[in-house]
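A.B. asks: Sequence and predicted structure, then a few things I'm wondering about:
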Amino acid sequence: MDMDSASSVVLQALTQATSQDTALLKPAEEQLRQWETQPGFYSVLLNIFNNHMLDVNVRWLAVLYFKNGIDRYWRRVAPHALSEEEKTSLRAGLITNFNEPVNQIATQIAVLIAKVARLDCPRQWPELIPILLESVKGQDGLRQHRALLTFYHVTKTLASKRLAQDKRLFQDLASGIYSFACSLWSHHTDCFLQQVVAGEQAQALGSLERTLLSLKVLRKLTVHGFQEPQQNVEVMGFLNAVFERLKQFLECSRQVGPESPCREKLEKTTILYTKVLLDFLEVHPCAFIPLIQRSLEFAVSYVFTPAGEGLAFERFTVQCMNLIKTIVKNDAYKPCKNMEDSKPESLEAHKIKTAFFTHPTLTEIGRRLVSHYFLLTEEELAMWEEDPESFGTLTDTWHTATNPCTEVLFLDIFHNYSQTLTPVLLEMVQNLQGPTNVEDPVQLLMKDAVYNAVGLAAYELFDNVDFDQWFKNQLLCELQVRHNRYKLIRRRVIWLIGQWISVKFKSDLRPLLYEVILSLMQDPDLVVRDPHTQRMSLSLNTPSPVDDFEFRTEQFLPYLESIFSLLFQLLQQVNECDTKMQVLHVISCVIERVSIQIRPYVGCLVQYLPLLWRQSEEHNMLRCAILTTLIHLVQGLGAESKNLYPFLLPVIQLSTDVSQPPHVYLLEDGLELWLVTLENSPAITPELLRIFQNMPALLELSSENLRTCFQIVNAYIYLSASDFLQSYAEGLCKSFCDLLKDITNEGQVQVLKVVEIALKVSPVLGAHMFQPLLPSVFRGVVDGERYPVVMSTYLGIMGRVLLQNASFFSVLLTQMAGEYNQEVGQLLGVVIEMWVDRMDNITQPERRKLSSLALLSLLPSDNSVVQEKFCGIVNICVEALHDVMTEDSDTGTFKDCMLMSHLEEPKLSDDEEPPTEQDKRKKLLALEDPVHSVSLQQYVYEKLKAQQALMGDQGFGALMETVDTEIVRQLQEFLQGL
């Protein structure tokens, strides 16, 4: 097929692919997908999107297919890679003309040229940069703009490469074109400023667009194009020129007015200038040192003096604050505690900062931050009245919004210059003592701002503020002023208390605080009740009465019913997703803290959560909060949580089903809920068992949640080993075999622990169900697994099988003897020898005792191999006796400290959690476990006596002579009195 006919076929397919009719759309997309790997397809696409006569949508689609093809087929090593001949032709075609009339398509073409440049420039495409520079110099306005747009995207892409060789290539490029880029930027900037003065709005807008693009290029070259930029006169000259240009552009913004078509791009360019400084400061802090003084003078004058009035706009103010903040807290500008160890650059930077931040300057910055930037604006107050929930959930992004950015700057400056700023802030507090006149809105806003500052600086003010006295004498009174306008202060005061509670607040005052919270939660204003305020006193994610070291449950219990009831009412009243999440966080925290004490009060919540779950189908983050609440609820309810199963189990089912899209958000919390549900379940139910069908796919994922998955498997085994293993062991065993082929040593241990627990709970059924895994364990022991923790787990499994299922061990030994082509006795000798040799790999006393019991279970024996290894078996037993025997100081006799009885019921202290149902199951299992039910001392004695009876005194005496005399002496000491 020739190129013309190919073009018409592809053009037809692209036209159909832009159709709204799925009958045309789907086949066309499929046809285009098949052509992606055909030689010549991308040449046809290039011709189509370069043909300005065709439909814009068709050309747009052609560009997108071309761009995707670069990602998939341009690299030499890619499957179905493009031929070198076609790539050469395409590269030439992409840069023949820069006259694309449609902005969006021009941008996409620039991006795809940059993608090719990333892979081929400069080696395979040395002509790209020269052609771009030549085109940028041209007089044709459109061609110049498109070339400059492409130049920017190419520069941006090449600057982002991070390999050392690529960085060197970019630095070579930068040094070659930097002078030209500077003159280009300077030329377009001068043209723009002249055209603005002359009132030529249309031409000015074009020049401003070119100024913006050339500045973007310079930003990348300046920040990433030089290893030591401070050595380059042009780079430092450009950076110094940035300050002058910033002043010109700010003045220009005032002249053109808010209605000018240039206004938006003017502000964008102004922000870009500040980004040049911030990026350079971040990447080259030492090279920035000569610019510190000028940067601070510039930023402080525009943000904290009248010079900025009428010029500074919000985003510019934020950028200036970020510049000050980054200089103040930059580690490269801080000398070491021992001045002699400091670098000269650090000392120089510190000297410049110290000279700039004088007492008057800091005082003015501190006062202005609090009294000007901390004040709530009219827009915020109007929002409070019109939409209190949205006001309560304003986004706190410090680097983009003025208020949060101001607070971060305040914190950093206060932390670094607290000696100067503490008296300033305390004086502001002193001036606002006593209740404020509700008719004076300015004073109310000022008090809100000052209290905000005291809350933010709580840790710095620890030694300077007696918060307990302030709380009792001033803040409590403020909370009792019920006037509507005073809600501003009520909200701020409760937030302030939350900030200080983990810093300095007597536990004796807690009940008083709980009463205050109870009162505020009935406040008519939603913002005061809003959890964004209340969480400072109750929630998970800030230090609070319910979430700090000094919380005492008994102090909180008298208020529990009322607070929980009011929280539940608030949960129902609020509409914003984020607000509901915050209330749920607080509820979760309360449940977690009071544990089983919550049971009488959760009825309403339990009834409401299914409705909230259904309503939140489109809000996965809210569903995550519901899952977290359910986790704490199940833990608080314990065995009673079985009443939640009709709601709980479908929630777990959905959250952990990897075939359902929401699992991306819900999986981690869903697995945690699944685990606590099993741990608190009194008995298995068919529905609970059925959810395990989700597990094979989860194990296949091998994600960071694998550990929780293993814990869930273990919980099922503890809950009902027989039902669970009969239903799922076969598939589980297959999953484990697949996992063990490609998993870390840590992961192997987790898998093997599941098998060990199954053998512990059900020695016969466990061995039968996990039979396919056991040969690899046997091989690991015989071959002497090098990783100690894995070897320890192998020996734990072997110990369980040998001690509690001897007949199965015999069958396994026979099977493995055939595999190793050895006699059964000979292989048993190898196993015992390796076991004795690697006993030190076992660190847990339980496993060490288990190994002793298992090897002793081979006695009495007339097997020559066992008798040969008798010395090693006795050595292990004596080691284990040292581990588990404790001497009774009264009687001087020894007893096995691992023995447990039904009579032992440990008393819980106040801060201990009550045992879960799984804890109870583990306790009952331990009572039947030989490790906890058989006295090692007694077992050793009985086995040795039985061996003596089998061999006779003389034969046994000869056997004992193979044991070291010191070991025999220690053994006799342990066995005395038996």
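C.D. replies: Thanks, I have the structure now. Residues are numbered from 1 along each chain as shown.
A.B. asks: From here on, just use CA atoms for contacts and neighbour counts.
C.D. replies: Noted.
A.B. asks: chain center to the stretch of helix or strand residue 567 belongs to: distance?
C.D. replies: Here residue 567 sits within helix 553-573, counting by DSSP states H and E. Distance of helix 553-573 from its chain centroid, counting by Cα atoms, centre = their mean, to the nearest Å, is 31 Å.
A.B. asks: Following the chain onward from that helix, which element is next?
C.D. replies: Using DSSP H and E, the helix or strand that directly follows helix 553-573 along the chain is helix 577-594.
A.B. asks: quick check: mean pLDDT across that next one?
C.D. replies: For helix 577-594, mean pLDDT rounds to 83.
A.B. asks: That helix - contacts with which helices or strands?
C.D. replies: Applying 3 or more Cα pairs under 8 Å, 6 or more residues apart in numbering; DSSP states H and E, we find helix 577-594 packed against helix 531-538, helix 553-573, helix 620-637.
A.B. asks: so what's the backbone phi/psi at residue 466?
C.D. replies: Backbone torsions of residue 466, given as degrees, to the nearest 10, read phi -90, psi 90.
A.B. asks: Would you mind saying which of the helices and strands packed on helix 577-594 lies nearest residue 11?
C.D. replies: helix 620-637 (41.8 Å; Cα to Cα).
A.B. asks: any idea which helix or strand comes after the closest one?
C.D. replies: helix 645-655.
A.B. asks: re earlier: quick one: buried residues of the helix holding residue 567?
C.D. replies: 553, 556, 560, 563-564, 566-568, 570-571 (16 or more other Cα atoms under 10 Å).
A.B. asks: got the angle between that helix and helix 577-594?
C.D. replies: Per axes from the mean of the first three to the mean of the last three Cα atoms, to 10 degrees, the angle that helix 553-573 makes with helix 577-594 is 160 degrees.
A.B. asks: is it possible to export the helices and strands packed on helix 577-594 to CSV including distance to residue 834 and mean pLDDT?
C.D. replies: Listed next are the helices and strands packed on helix 577-594 as CSV, based on distance: least, Cα to Cα, whole Å; pLDDT from 0 to 100:
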stretch, distance to residue 834, mean pLDDT
helix 531-538, 57, 42
helix 553-573, 53, 82
helix 620-637, 44, 91
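A.B. asks: Now do the contacts for the nearest residue to residue 916 once chain neighbours are set aside.
C.D. replies: Spatial nearest neighbour of residue 916, excluding adjacent residues (Cα to Cα, 6 or more residues apart in numbering): residue 680 at 5.5 Å. Applying Cα atoms under 8 Å, 6 or more residues apart in numbering, we find residue 680 in contact with 634-635, 638-639, 641, 916-918.
A.B. asks: and which of those residues is nearest to residue 875?
C.D. replies: Nearest to residue 875 among the contacts of residue 680 is residue 918, at 36.2 Å by Cα to Cα.
A.B. asks: So the closest one lies in a helix, does it not?
C.D. replies: Yes: remark: residue 918 belongs to a helix, assigned using DSSP: H, G, I helix; E, B strand; the rest coil.
A.B. asks: Would you quantify the distance from it to residue 857?
C.D. replies: Plainly put, residue 918 is 30 Å away from residue 857 if you go by Cα to Cα, to the nearest Å.
A.B. asks: Likewise for residue 733?
C.D. replies: When Cα to Cα is the yardstick, residue 733 and residue 857 sit 28 Å from each other.
A.B. asks: what does residue 404 give?
C.D. replies: Going from residue 404 to residue 857 by Cα to Cα gives 70 Å.
A.B. asks: do the same with residue 442
C.D. replies: Counting by Cα to Cα, the gap from residue 442 to residue 857 is 86 Å.
A.B. asks: same thing with residue 23?
C.D. replies: From residue 23 to residue 857 the distance is 75 Å (Cα to Cα).
A.B. asks: quick one, which of the two is more surrounded?
C.D. replies: residue 857 (18 against 10; other Cα atoms under 10 Å).
A.B. asks: Quick check: chain neighbours aside, which residue is closest to that one?
C.D. replies: Sequence neighbours aside, residue 803 is the residue nearest to residue 857 in space, at 6.2 Å (criterion: Cα to Cα, 6+ apart).
A.B. asks: for the one you found, what are its contacts?
C.D. replies: The contact partners of residue 803, by Cα under 8 Å, 6+ apart, come to 853-855, 857.
A.B. asks: Who's the closest spatial neighbour of residue 376, skipping the chain neighbours?
C.D. replies: Spatial nearest neighbour of residue 376, excluding adjacent residues (Cα to Cα, 6+ apart): residue 445 at 6.7 Å.
A.B. asks: What is the helix or strand in which residue 932 is found packed up against?
C.D. replies: Using DSSP H and E, residue 932 falls within helix 930-933. Here helix 930-933 touches helix 845-856, helix 917-928, going by 3+ Cα pairs under 8 Å, 6+ apart.
A.B. asks: who touches the last one?
C.D. replies: Applying Cα under 8 Å, 6+ apart, the external contacts of helix 917-928 come out as 638-639, 678-682, 715, 718-719, 761, 900-902, 932-933.
A.B. asks: got the buried residues for that helix?
C.D. replies: By neighbour count on 16+ other Cα under 10 Å, the buried set for helix 917-928 is 917-918, 921, 923, 925-927.
A.B. asks: And the first one, by the same measure?
C.D. replies: Neighbour counts over helix 845-856 (16+ other Cα under 10 Å) mark 845-856 as buried.
A.B. asks: and the strand or helix carrying residue 721, what does it pack onto?
C.D. replies: Using DSSP H and E, residue 721 maps to helix 706-741. Judged by 3+ Cα pairs under 8 Å, 6+ apart, helix 706-741 is in contact with helix 663-679, helix 695-701, helix 745-761, helix 763-769, helix 917-928.
A.B. asks: report the angle between the axes of the first one and helix 645-655?
C.D. replies: I take that to be helix 663-679. 140 degrees.
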